[in-house]
Structure formats: structure tokens, C-alpha cells
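**Q** what's the 3D shape of this:
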Amino acid sequence: MIVVATADFEVYHGVVTELRDRGTEFTTVEPDAELPDRTSVVITDAESAAELDDVPTVVAEPDEPRRAVDQALTTLRGAAGRTIIGVDPGRDPGIAVLAGETVVAAFQVPLADAVAVIQREVSDAADPVVRIGDGARLRSSKLVNDLEDVQVELIDETGTTPYLGTGARGMGDVLAAVNIARHEGEVVDARDIEPTAGELQVIKDRSREQSRTNRAIDELLARRVAAGELTIEEALAEHRSESDEASTTNGTQEDVTTRAEAANPASETDTEDTDSTGGRNDDG
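**A** The predicted model follows:
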């Protein structure tokens, strides 16, 4: 059983709220009180932790009660509570965090934020593993290549997307991430990203859809988007900047030509006169 023993009100309120939201069995005692016989792990604050050295203890920070509860649940489940992160890659990847077979957290975030979320979730875990579906090839490759200092497995996504009944719309990516987390896959360190012509065209089409002027980015920018160096929004911004610069340069050249012609208005007439006579007039 989990016991909450703290005199810190913020820690107490945050941890107890989190435990109640999850339907977890727990009890509370004063930091200096005798612990119940069924105590398996204690959640406390940093100041009180020194008094609780005879039992597994989790120190909770006031602004991170969920992390403390996750650690306590992992301790409660022992070796079967290994942290596993399942990721269903996409434009907004679904991310599921499991302690053993229990889902302890779930997220759906933009691709650009996914690595930061995953790294935060594995930062304090013992021997974590991240399992990434192989369905969205370019996006899964970016995640594999950007994750460091954690074991990553590539998972065959076949059959991981569940049927969604009435009222479950929008949950598919997260539920698929849970299923991905429960499959073992091939351990990978890196994955090559070489977009196909079709993948590049999809990126160009999406950039056209998002462009205010209905213009698509070029292939070079599309390749940078495919490699994860840029988002489509950033590529469009670069495209607009390059177009504006080219337009400014062309305008400057036209202004120089116009000023030169204005400074020597007779040049065109002289040329025409010479051409019309075919040379000098030697009469006289």
C-alpha cells in the first residue's frame, strides 16, 4: 500500500489528488507517525525523507506530483514495473507511458515536442525502453534519430490501431501507442531518412494547403522538412523570405537600368540615327 507522509501542504494536496484521480489505494499519516503494517512505499517531501530510511521512499516535488505517484506505483509493482514508452508516430504522435502492464500516463503532442516529452518521462526511470511504431516512416525515423541515452525499439504497427466506437474519436493514436508499448521489436540506434518522390510531393501539397498564397515549397525545403530539420510552417517562412529577397533584388536592378536610361536619353536616338544611315556622312 502507498502511504503519504508529509507536512508540506502543496506536496500533500498534489499527491493525494493524483492518487484519487487514478483510483489508487493509499492512506496518509503524519511524517513522525508509525507507518501501517501494509506499507510498501512512502511518498513524502524532501525535509521528511531522512526520517523514513527503513522503507522504500519517493520524494515528491510540489510542482510534480504525477512523477512521484508514477515512481511509487513502479516501486509497488517491483521488477514487473519497468517503464515502457509506446509511440504512435504521426503529425501529432500518441505517447503512452506504462509501468509494467499498467498505463500511468498518456499524451498527444506535436511531433516537434515528442522527443522532449519522451525524455522527460524516462529521465528518472530504471532501464526504460521506448517502442516506436514503424508506420509513419519519416516521422518514426526522426524520433529514432533524435532520442539519445535510451533503448529504442522499432515495432511493426500492423494491427495496433483499435476500432473506435461512439464517443472515442480522437483517442486512436494514444490507444495505438499503448498497443505498440506491449510489443517487443528490433533494437535500433538510427534510421536512414531518404524520402521518396511521393513523400516529397505530399509535403509540397501540404505546404500549398497551408500557404496564404497557395504556393508550394521547393524540393530542397521539402527534403529538409522530411529530415525533420524544419516544420512546414518554418519552410514556408523561408520560402517567403527567399521570394521577397529575389523580388527586392530584381526591383533594384530594374531601378538601376531606368536611372541609366534617364541619365542618357540621347543614346537610343544616336544609335538609331547611325543605324539608319549605315555609317558616317562624308559629304562636304
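**Q** so where's the protein shaky on pLDDT?
**A** Counting by pLDDT under 70, the ranges of the chain that qualify are 77-81, 244, 246-284.
**Q** and A176, how many residues sit next to it?
**A** 25 (other Cβ atoms under 10 Å). For every residue, glycine as well, the C-beta is placed using N, CA and C.
**Q** got the phi/psi numbers for it?
**A** The phi/psi pair for A176 (degrees, to the nearest 10) reads phi -60, psi -40.
**Q** so who does it touch?
**A** A176 makes contact with 88, 94, 133, 157, 160-162, according to Cβ atoms under 8 Å, 6 or more residues apart in numbering.
**Q** same thing but at 10 Å, please
**A** 86-90, 93-94, 96, 133, 135, 157, 159-162 (Cβ atoms under 10 Å, 6 or more residues apart in numbering).
**Q** with S211 instead?
**A** 217, 232, 236, 239-240.
**Q** just P65 next, same as before
**A** Counting by Cβ under 10 Å, 6+ apart, P65 touches 10-19, 43.
**Q** quick one on the thing from earlier: most neighbours, which of the contacts of S211?
**A** Among the contacts of S211, I217 has the most neighbours (other Cβ under 10 Å), with 26 neighbours.
**Q** from T213, how far off is the nearest residue in space to it that is not next to it in sequence?
**A** In this structure, I217 finds its nearest non-sequential neighbour in S207, 4.4 Å apart by Cβ to Cβ, 6 or more residues apart in numbering. According to Cβ to Cβ, to the nearest Å, S207 and T213 sit 11 Å apart.
**Q** so what sits against both of these two?
**A** Here S207 and T213 have 236, 239 as joint contacts, going by Cβ under 10 Å, 6+ apart.
**Q** higher neighbour count, these two?
**A** Taking other Cβ under 10 Å, S207 and T213 do not tie; S207 has more neighbours (21 against 9).
**Q** and the more buried one, that one's in a helix?
**A** Yes - under DSSP: H, G, I helix; E, B strand; the rest coil, S207 falls within a helix.
**Q** isn't it up against L236?
**A** Yes - between S207 and L236 there is a contact at 5.8 Å, judged by Cβ atoms under 10 Å.
**Q** which residues do the two both contact?
**A** Residues touching both S207 and L236 (Cβ under 10 Å, 6+ apart): 215-217, 221, 225.
**Q** need these in CSV with distance to A197, can you?
**A** What follows is the shared contacts of S207 and L236, written out as CSV (distance: Cβ to Cβ, whole Å):
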residue, distance to A197
R215, 20
A216, 14
I217, 15
L221, 15
V225, 14
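**Q** ranking those by neighbours, who comes first?
**A** Ranked by neighbour count (other Cβ under 10 Å), the shared contacts of S207 and L236 have I217 at the top, with 26 neighbours.
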